[in-house]
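# I need the structure of the sequence given here:
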Amino acid sequence: MSHHSTLFSQARSLIPGHVFQKLAQRHKTGRASRKFGFKEQFTVMDFIQLADRPSLRDALCCLKAASRRLYHFGLKNVARSTVADANTTRPVGFFRDLFAEMYGLCASKAPKHKFRFKSRLFSLDATTIKLCLSLFPWASFRKTRGGIKMHVPLDHDGHIPAFVAITEARAHKSRIDRTLELPRGSIVVFDKGYVDHNWFQALGARNISFVTRLKRNVVCTLLERRLVNRRSGVTSDHAIEVATRGKPLRLRRTGYRDPESGRRYEFLTNQFRLSAQTIADICKDLWQIELFFKEIKQNLRIRSFVGNSENAVMIQIFTALTVYLLLAYQKFLSRLDISVQQLCQLI
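Below is the predicted model of the structure:
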């Protein structure tokens, strides 16, 4: 049979075949399906993302129309009920682990962040995905609204998602810090919603630095004043001590005035080696994760879903983020001078 590789086949082939076999063996439940396993399920969900199909019925009709190419996709004609049942009953862990495997491949080829220091840099934030309460009753948020919250630490090496945690929409941001695992020696930047002094203690014990905005109501003791270069915009650089349930916590408070807007900001960190100007630049780069959320919501299907169960929604979200990593991986390998968003639109 003659083979003409399609864009879809090329994109999917970036995931090594042994990864599917390893994960399928890890998450198998009962007797494996000969015609529609985990790999085939991911292929269908991947097609929904790259082809921007609005529903499962529409996606399967498009695949059926290209029946001569299904062999090269690793697929056969499949009933809609088969895919729907798989999305409802099969473990989300397979798709979560597939995302983690793809991040490992992608991170090895990603360009380094723009700062001079060698430590890994991560931005941590969350975005809410709104859901119709009548269609998704398990995702109750308010009386007339439903939704879930997606927490993501963004790796600034390539600006790719490093980890994903999905919680109910009403869950506070600070709950996610207990499950977050970052490399030792890395730096994480986040907004005021994640401020937790006990977590700061835990980060310091793991040799992880943090940078965040200072809350107005923080109670602290001034320990030391450092010299600053006010021409650079830095207005203050202090060593302070804040009280916690355990030992007193020694931190650094820096002030910065934006030369463009004239607004003054205060930052809190446990990083004493970097300059105050670098601390301000790191906190300013937190905006990258907002751009990432905007990018995936505009170009991937994570606001409308092809299944109504909680399991189906989780599978679609992890598939979407795995597709984002696939596109970023292709971008890094090809050294394309375009964004992941432009590459997604091109495909």
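# Check which residues of the helix or strand bottoming out on mean pLDDT in the chain are buried.
Lowest mean confidence among the helices and strands of the chain (mean pLDDT, DSSP states H and E): helix 70-73, at a mean of 75. For helix 70-73, burial by neighbour count (16 or more other C-beta atoms under 10 Å) applies to residue 73. Quick note: C-beta positions are derived from backbone N, CA and C, even for glycine.
# Centre of the chain to it, how far?
30 Å (C-alpha atoms, centre = their mean, to the nearest Å).
# do the same with stretch 279-298
With C-alpha atoms, centre = their mean as the basis, stretch 279-298 stands 12 Å off its chain's centre.
# average pLDDT across it?
Here stretch 279-298 scores 93 as its mean pLDDT.
# thinking again about what came up before, elements contacting the least confident helix or strand of the chain?
Packing partners of helix 70-73 (3 or more C-beta pairs under 8 Å, 6 or more residues apart in numbering; DSSP states H and E): helix 7-12.
# How about residues contacting the helix or strand just after the helix it packs on?
Next helix or strand after helix 7-12 toward the C-terminus (DSSP states H and E): helix 17-27. Contact with helix 17-27 is made by 32, 37-39, 42, 90-91, 93-94, 97-98, 101, as judged by C-beta atoms under 8 Å, 6 or more residues apart in numbering.
# Tell me the one among the residues you listed nearest to residue 8.
The closest of those to residue 8 turns out to be residue 42 (C-beta to C-beta; 12.5 Å).
# The helix or strand containing that closest one vs helix 17-27, what angle?
Using DSSP H and E, residue 42 sits in helix 38-50. Relative orientation of helix 38-50 versus helix 17-27 (axes from the mean of the first three to the mean of the last three C-alpha atoms, to 10 degrees): 110 degrees.
# Offset the numbering so it begins at 33, please.
Done: numbering now begins at 33, and the last item shifts to helix 70-82.
# name the helices or strands packed onto helix 70-82?
With contacts defined as 3+ C-beta pairs under 8 Å, 6+ apart, the packing partners of helix 70-82 are helix 39-44, helix 49-59, helix 88-97, helix 112-121, helix 125-141, helix 342-366.
# Please state the offset of the shortest one from the chain centre?
When you say that, I think you mean helix 39-44. Centre-to-centre, helix 39-44 and its host chain are 22 Å apart (C-alpha atoms, centre = their mean).
# What subset of the contacts of helix 49-59 is buried?
Using 16+ other C-beta under 10 Å as the burial test, those include 69-71, 74, 122-123, 126, 129-130, 133 as buried.
# Turn these into CSV, columns for pLDDT and distance to residue 277.
Converted to CSV, the buried ones among the contacts of helix 49-59 look like this (pLDDT from 0 to 100; distance: C-beta to C-beta, whole Å):
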residue, pLDDT, distance to residue 277
69, 88, 50
70, 92, 45
71, 90, 49
74, 93, 45
122, 92, 43
123, 92, 38
126, 95, 40
129, 96, 36
130, 96, 39
133, 95, 39
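# so what are the domain limits for the chain?
Residue ranges for the domains of the chain, per automatic domain parsing: 39-131+338-378, 224-317.
# Pick the most buried one from these.
domain 39-131+338-378 (a mean of 17; mean count of other C-beta atoms under 10 Å).
# Figure out the length between the terminal residues of that one.
Domain 39-131+338-378 has an end-to-end distance of 10 Å (criterion: C-alpha to C-alpha, to the nearest Å).
# still on that earlier bit, with respect to residue 260, which of the helices and strands packed on helix 70-82 lies nearest?
Of all those, helix 125-141 sits nearest to residue 260, with 35.5 Å by C-beta to C-beta.
# how far off helix 342-366 does that closest one point, in degrees?
Note on geometry: by the same axes, to 10 degrees, helix 125-141 and helix 342-366 are set 20 degrees apart in direction.
# Check what contacts helix 125-141 and list those residues.
Under C-beta under 8 Å, 6+ apart, the answer for helix 125-141 is 46-47, 51-52, 55-56, 58-59, 70, 74, 187, 189-190, 192-196, 346-347, 350-351, 353-354, 357-358, 360-361, 364-365.
# run the last query once more with 7 Å
The contact list for helix 125-141 (C-beta atoms under 7 Å, 6 or more residues apart in numbering) reads 47, 51, 55, 59, 70, 74, 187, 189-190, 192, 194, 196, 347, 350-351, 353-354, 357-358, 360-361, 364-365.
# Kindly report the same for stretch 267-281.
Stretch 267-281 is contacted by residues 229-230, 232-233, 250-258, 260, 282-289, 296, 308 when judged by C-beta under 7 Å, 6+ apart.
# Among the residues you listed, name the ones in strands.
Among the contacts of stretch 267-281, DSSP state E puts 252-257, 282-289, 296 in strands.
# Centre of the chain to stretch 127-144, how far?
Relative to its chain's centre, stretch 127-144 lies at 11 Å (C-alpha atoms, centre = their mean).
# actually stretch 274-292, not the one I typed
Here stretch 274-292 shows a centroid-to-chain-centroid distance of 27 Å under the convention C-alpha atoms, centre = their mean.
# May I have that stretch exported as PDB, CA atoms only?
The C-alpha trace of stretch 274-292 is given here as PDB (Å, rounded to 0.1, in the frame of the first residue of the first chain):
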ATOM      1  CA  VAL A 274       8.100  37.200  59.400                       C
ATOM      2  CA  ALA A 275       6.500  35.100  62.100                       C
ATOM      3  CA  THR A 276       5.300  31.600  61.300                       C
ATOM      4  CA  ARG A 277       4.000  28.700  63.400                       C
ATOM      5  CA  GLY A 278       7.500  27.200  63.400                       C
ATOM      6  CA  LYS A 279      10.800  29.100  63.200                       C
ATOM      7  CA  PRO A 280      10.800  32.800  62.200                       C
ATOM      8  CA  LEU A 281      11.300  33.100  58.400                       C
ATOM      9  CA  ARG A 282      14.000  35.300  57.100                       C
ATOM     10  CA  LEU A 283      13.000  36.800  53.700                       C
ATOM     11  CA  ARG A 284      13.900  39.700  51.400                       C
ATOM     12  CA  ARG A 285      11.600  42.600  50.600                       C
ATOM     13  CA  THR A 286      12.400  44.700  47.500                       C
ATOM     14  CA  GLY A 287      10.700  47.800  46.100                       C
ATOM     15  CA  TYR A 288      10.500  48.800  42.500                       C
ATOM     16  CA  ARG A 289       9.000  51.700  40.500                       C
ATOM     17  CA  ASP A 290       8.000  51.100  36.900                       C
ATOM     18  CA  PRO A 291       9.600  53.800  34.800                       C
ATOM     19  CA  GLU A 292       6.800  53.700  32.300                       C
END
